[in-house]
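J.: No letters, just coordinates:
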């Protein structure tokens, strides 16, 4: 059974940092990604990493967030620095076969989400 389990969310002040983790079991994907959804807004792609460690970022987080993966542990990470109040959202880990995509509908597997709250 495929499972994606996120951890590492929490509350920080603006300018602070958090690191999210996503542990995958029962599945070895080609692409893993992070999405986020704020209240009243659509789910949006944040970052993605492919099997060859190629990465992509939303323009709103480029230069502040870094996605990485540890293949031996089947775990991906999202290091979030210089956090802003507008980064507040429920963050989801997702996985898919094939090339990475920024569209949530393309992802086959999802975690339960972890809350990130940034106060000003």
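T.: Great, that's in hand. Since this is a predicted model, take the numbers as computed values, not measurements.
J.: Looking at the chain, name the residue that lies furthest from the middle.
T.: The centre of the chain is farthest from one residue, residue 120, which by CA atoms, centre = their mean lies 22.2 Å away.
J.: from memory that one sits against residue 85, does it?
T.: Yes. Counting by CB atoms under 8 Å, residue 120 does reach residue 85; the two are 4.8 Å apart. (Each C-beta comes from the backbone N, C-alpha and C, glycine too.)
J.: what is in contact with the two at once?
T.: Residues touching both residue 120 and residue 85 by CB atoms under 8 Å, 6 or more residues apart in numbering: residue 14.
J.: circling back to that earlier point, just the pLDDT at the residue farthest from the centre of the chain, thanks.
T.: pLDDT for residue 120: 95.
J.: and what of residue 99?
T.: Looking at residue 99, its pLDDT stands at 93.
J.: Hmm, residue 112 and residue 94 touching each other?
T.: No. In this structure residue 94 lies outside contact range of residue 112 using CB under 8 Å: 11.5 Å.
J.: So which of the two has more stuff around it?
T.: Between residue 94 and residue 112, counted using other CB atoms under 10 Å, the more crowded position is residue 94 (23 against 11).
J.: Could I get the full set of strands for this protein?
T.: In the chain, the strands defined using DSSP state E lie at 3-7, 10-13, 18-25, 31-37, 44-50, 55-57, 65-70, 75-80, 89-96, 109-110, 114-119.
J.: Buried deepest among these, which one?
T.: The highest mean neighbour count among the strands of the chain belongs to strand 31-37 (a mean of 24), with neighbours defined as mean count of other CB atoms under 10 Å.
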